[in-house]
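**Student:** Below are the sequence and a predicted model for it; my questions follow.
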Amino acid sequence: MGHLDHAALGWLTPALSYVMACIGAALGLRCTVRALGATGRSRRNWLITAASAIGTGIWTMHFVAMLGFSVSGTDIRYDVPLTIASLLVAMIVVCAGVFAVGYSKDRARALFLGGLTTGLGVASMHYLGMAAVRLHGEVNYDPVLVGLSVLIAVVAATAALWAALNIKSPVAVTVASLIMGAAVSSMHYTGMFSVSVHVSPSGAALPGATAMQFIFPLAVGLGSYLFLTSAFVALSPTTGEREASASAQRPVVESVAR
């Protein structure tokens, strides 16, 4: 059996992956707050941005953490189409959950269904990403820990959607995003601790790309997207600010009309 190291680069990858999860969660929460205060096309656009932020943050967290994953006795490669598919799964399921909460009138039912769907989708993203791993050997999973990781994913997703509905202030969003980042990281490492690998030494070349060839550049690109979107959200006026600005301009327009 090969020895698994989940932090081959030290604390860099766990810490950085946690930061990415927190950034995605915070950005997603802020966008959802904006969406709930908007209507029409604006609400839809904010919800799409929220879903892309949360999905990107979760996916980036997973694969940044995977940069520190190694197995003694074998190299590791990643199947590119499956890796991209895992990103799409993360985006789609989070989008479904966020839209369910953003548009449903029965918030309790939407929260339950959205949390369940999103949690199962996040878990699917994780294990689809693991299915993309190519190495010399056989990967096995502890079903109890797999089940626990799925449960954590569902609870974390439900908590995230609840926070999106009930948390408005920037300080509360920051605290919630730190908790959500910890929950997503816990789901990831619980799933990783369920893994065991029976190595079959071989000199044959493995298919796929190395983490540095593919995952690292993609993670950097997605991380840049999160930072740029964060700047955009921070600089965009809130609904209250737009209303205050419109109210302040109205007397000026009326006086000019007279």
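**Tutor:** Yes, it's here.
**Student:** Hmm, Ser17 is touching Val64, no?
**Tutor:** Yes. Ser17 is within contact range of Val64, at 4.1 Å (criterion: C-beta atoms under 8 Å). (Each C-beta comes from the backbone N, C-alpha and C, glycine too.)
**Student:** list residues touching both of these two?
**Tutor:** Shared contacts of Ser17 and Val64 (C-beta atoms under 8 Å, 6 or more residues apart in numbering): none.
**Student:** wait, Ala53 sits on Cys22?
**Tutor:** No. Between Ala53 and Cys22 there is no contact under C-beta under 8 Å: 11.5 Å.
**Student:** Tell me, how many residues neighbour the nearest residue to Asp75 once chain neighbours are set aside?
**Tutor:** By the measure of C-beta to C-beta, 6 or more residues apart in numbering, the closest residue to Asp75 outside its immediate chain neighbours is Leu206, 5.8 Å from it. Neighbours of Leu206 under the rule other C-beta atoms under 10 Å: 16.
**Student:** surely Leu206 meets Asp79?
**Tutor:** No. Using C-beta under 8 Å, Leu206 is not in contact with Asp79, being 10.1 Å away.
**Student:** Quick check: neighbours shared by these two?
**Tutor:** Arg134.
**Student:** Helices along the chain, start to end?
**Tutor:** Remark: helices assigned in the chain by DSSP state H are 12-36, 40-66, 80-103, 107-131, 143-166, 170-193, 216-235, 239-257.
**Student:** Tell me which of Ala53 and Cys22 has more neighbours.
**Tutor:** Using other C-beta under 10 Å, the more surrounded residue of Ala53 and Cys22 is Ala53, with 27 against 22.
**Student:** Let me see the contact set for the residue most central in space within the chain.
**Tutor:** In the chain, the residue lying closest to the centroid (C-alpha atoms, centre = their mean) is Ile58, at 2.2 Å. The neighbourhood of Ile58, defined by C-beta under 8 Å, 6+ apart, consists of Ala21, Gly24, Ala90, Val94, Val122, Met125, Val184.
**Student:** roughly how far apart are the fourth one and Asn166?
**Tutor:** Going from Val94 to Asn166 by C-beta to C-beta, to the nearest Å gives 18 Å.
**Student:** neighbour-wise, which of those two wins?
**Tutor:** It is Val94, of Val94 and Asn166, that has more neighbours when counted by other C-beta under 10 Å, with 31 against 11.
**Student:** can you pull the pLDDT of Ala257?
**Tutor:** In this prediction, Ala257 carries a pLDDT score of 53.
**Student:** Name all residues that make contact with the residue nearest to Asp75.
**Tutor:** Leu206 touches Asp75, Ile76, Arg77, Arg134, Leu135, His136, counting by C-beta under 8 Å, 6+ apart.
**Student:** and the closest residue to the fourth one other than its chain neighbours, what pLDDT?
**Tutor:** Ranked by C-beta to C-beta, 6+ apart and with sequence neighbours excluded, the top spatial neighbour of Arg134 is Arg77, at 4.2 Å. At Arg77, the model reports a pLDDT of 90.
**Student:** swap in Met192?
**Tutor:** 91.
**Student:** My guess is it contacts Val71. True?
**Tutor:** No. When contacts are counted by C-beta under 8 Å, Met192 is not listed as touching Val71 (11.6 Å).
**Student:** Common neighbours of those two, please.
**Tutor:** Leu4.
**Student:** So if I had to pick from these two, which one is more boxed in?
**Tutor:** Val71 (22 against 18).
**Student:** surely the more buried one meets Arg77?
**Tutor:** No. Assessed by C-beta under 8 Å, Val71 is found out of contact with Arg77, at 11.7 Å.
**Student:** Next, show the common contact partners of the two.
**Tutor:** Joint contacts of Val71 and Arg77 (C-beta under 8 Å, 6+ apart) are Leu135.
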